[in-house]
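K.L.:
Fold the stuff below for me.
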Amino acid sequence: MKKILSLLLAVCMIASLLAACGGSSNPVDKNKAEASTDKYRSYYQVWIGSFCDSNGDQIGDLPGLISKLDYINDGDPNAGNDLGADGIWLSPMMPSKSYHKYNVRDYFEIDPDFGTLADFDTLIKEAHDRGIRVIIDLVLNHSGDDHEFFLKACDELREGKEDGYARYYNVSKESNETYNRPISGSDYYYEGPFSTDMPDWNLSYEGTREYFEEVAKFWLEKGVDGFRLDAVKYFDDKNTDADEFLNWFYTMSQKYYPDVYMVGEDWDDAGNVYDMYESGIDSLFNFKFANSGGEWMVASHGMTADALGKLKKYDNNIKKRNENAINANFLTNHDMVRAYNMLDEDDYKMAAALYMLAPGNTFTYYGEEIGIEAPNTSNDASYRTAMIWDNEKLPDIEVPGVAEVVKNELGGVEQQLKDEHSLLNTYRRLIKLRQQNPEIARGDIEEVLDLGDNNVGGMIINYDGSRVIVIHNTTDEAKELTIDMISNPELRGWSYADLAAEPNKEAPKLSGTKLTLPARTSVVLKEVK
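P.N.:
Model (predicted):
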């Protein structure tokens, strides 16, 4: 079956880059995105409240996002100025009293700040028409303290009743480091490690699972293609085994949409992340390689071969636990300082090439592609400031605790589209290179190459016998390399990280097996049989 899918995918890619090539229909929604027959995507993370405001209330919303879908992907691979991403991860959007929406009051609605369910229906249709799949942030670890079930649980516990709604939550009469949030007017405490207004669900209770089955069914019937599951590490408690719960939720969701995609957030040590793949979940975010001390940023200015060796080990370990595992690579997200606060522009471009040209799915945080900075690195709200569409027409979007929007140092989308060597155009080229060479995302790392310099990293990626080589030269000197690891190599494309990449800069050259690789450049070569 895998070989059949590979052949179908290859035919589609040849016919038209990024074009829809058909796929199985969804039993609950005939309008599913069908740009490929598998779960591999270049995802774009949208923080809804900061992306685009359609009604002037200083809060981004779903209609605003809909108006910018052509920027993410216009559905035409041969024209336009779109980024080319073919997946969207939406930040929490359900009713909540907080601006970040992670303490959910109602799992079956859209927060009025962001729009309506009708707006969401329109978003799904418009996204799928462009070949974009949509996953939504789903918070299963805890609810808001204003959720109907928690309010009823507290009322009952004040009466000493433990066999009603209290069963939906983790509560105890014993106060300790776990149960440390008192319920006023009672002798009970509840578990809420994140905040007093985020009580933890009892995920082992049958009633909770029945409720979450209704939630999953509701959104899958709405047309979502999957879920980003928040805080999966914290599913593990004295009542619940995280792996067992994830397996249940994933398997249950497949009843309603067999091709559902799920990616979990787990900041834990790599060994614990490996083990969580035994649940059967598709992906877990690769935090080991992300953020300031992660392998991608470190390797952007050296030790590149070492990083690729660690990547091969990581990929091997997750696939030992789950042969269908899909690595989830990223640089930063909404809980991290912005990448441009940590990297110079050339290293930034190299870091982008490193994670974009690695096996698995990629997740690009909105604004990462234009180098947005966090104005205050000690305030996590500043990691979620407004998207800059035009440096000359700054958006009027308010982020709690953050000063007014200022111009972006590298320019907004409008300015960077006009600069061939901008960060934005680097991202656009990298995503296109991923799409034109499906082996990159879908293949296994067959070998990490010894190219005689630890700052020049290369790997052979094998996808059912179709092989590509990805090489990154992070040094300031051109390299002459012999490419005899594959037969009949063909140069498929490249990406510059050098700020001096002007029109007269020499491009990579391949003559037979001799490759001239300029400084600060990444290339993709393919074996031609």
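
K.L.:
so what's the most centrally placed residue in the chain scoring on pLDDT?
P.N.:
Nearest to the mean C-alpha position of the chain, counting by C-alpha atoms, centre = their mean, stands residue 363 at 3.1 Å. Per-residue pLDDT puts residue 363 at 98.

K.L.:
So it: helix, strand or coil?
P.N.:
strand (DSSP: H, G, I helix; E, B strand; the rest coil).

K.L.:
where does it sit relative to residue 39, distance-wise?
P.N.:
13 Å (C-beta to C-beta, to the nearest Å). Every residue, glycine included, has its C-beta placed from N, CA and C.

K.L.:
was I right about residue 51 contacting residue 372?
P.N.:
No - here residue 51 lies out of contact with residue 372, judged by C-beta atoms under 8 Å, at a distance of 11.7 Å.

K.L.:
intersection of neighbour lists for those two?
P.N.:
residue 387 (C-beta atoms under 8 Å, 6 or more residues apart in numbering).

K.L.:
one step back: excluding covalently adjacent residues, which one is nearest to the residue nearest to the centre of the chain?
P.N.:
With C-beta to C-beta, 6 or more residues apart in numbering as the criterion, residue 363 has its nearest non-adjacent residue at 4.1 Å, and that residue is residue 330.

K.L.:
right, and the one you found touches residue 360 too?
P.N.:
No - using C-beta under 8 Å, residue 330 makes no contact with residue 360, being 10.1 Å away.

K.L.:
tell me, what's touching the two both at once?
P.N.:
residue 286.

K.L.:
OK, contacts around the residue nearest to residue 363?
P.N.:
Counting by C-beta under 8 Å, 6+ apart, residue 330 has contacts 285-286, 290, 355, 362-365.

K.L.:
Then residue 429?
P.N.:
Per C-beta under 8 Å, 6+ apart, neighbours of residue 429: 493, 495.

K.L.:
give me the element residue 180 is part of.
P.N.:
strand 179-182 (DSSP states H and E).

K.L.:
what comes up buried for that strand?
P.N.:
179, 181 (16 or more other C-beta atoms under 10 Å).

K.L.:
Just the C-alpha atoms of it, please, in CSV.
P.N.:
Coordinates of each C-alpha in strand 179-182 appear next as CSV, following Å, rounded to 0.1, in the frame of the first residue of the first chain:
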residue,chain,number,x,y,z
TYR,A,179,-4.4,18.9,44.8
ASN,A,180,-3.5,22.4,45.9
ARG,A,181,-6.3,24.6,44.6
PRO,A,182,-9.1,25.0,47.3
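
K.L.:
Would you mind identifying the next helix or strand past that strand?
P.N.:
Using DSSP H and E, the first helix or strand after strand 179-182 is strand 189-191.

K.L.:
For that following strand, what is the distance to the chain centroid?
P.N.:
32 Å (C-alpha atoms, centre = their mean, to the nearest Å).

K.L.:
So which elements touch that strand?
P.N.:
strand 171-172, strand 179-182 (3 or more C-beta pairs under 8 Å, 6 or more residues apart in numbering; DSSP states H and E).

K.L.:
and the last one, what does it pack onto?
P.N.:
This points to strand 179-182. Checking 3+ C-beta pairs under 8 Å, 6+ apart, strand 179-182 ends up next to strand 189-191.

K.L.:
who's in contact with the strand it packs on?
P.N.:
169-175, 178-183, 199-200, 237.

K.L.:
Same check on stretch 271-282?
P.N.:
39, 226, 229, 232-233, 242-244, 246-247, 250-251, 261-264, 266, 268, 284, 287-288, 317-318, 320-322, 324-326.

K.L.:
Could you pull out the buried residues of that stretch?
P.N.:
273-277, 279-282.

K.L.:
ok, now stretch 515-524?
P.N.:
515, 517-524.

K.L.:
Give me the distance from it to the chain's centre.
P.N.:
27 Å.

K.L.:
Repeat that for stretch 172-180.
P.N.:
Remark: stretch 172-180 is offset 35 Å from the chain centroid, using C-alpha atoms, centre = their mean.

K.L.:
Could you work out the end-to-end span of that stretch for me?
P.N.:
End-to-end distance for stretch 172-180, by C-alpha to C-alpha, to the nearest Å: 9 Å.

K.L.:
got the contact list for residue 505?
P.N.:
So residue 505 contacts 496, 498, 518 (C-beta under 8 Å, 6+ apart).

K.L.:
one more time with 10 Å, if that's ok
P.N.:
421, 496, 498, 518-519, 521 (C-beta atoms under 10 Å, 6 or more residues apart in numbering).

K.L.:
Thanks again, I'm all set now.
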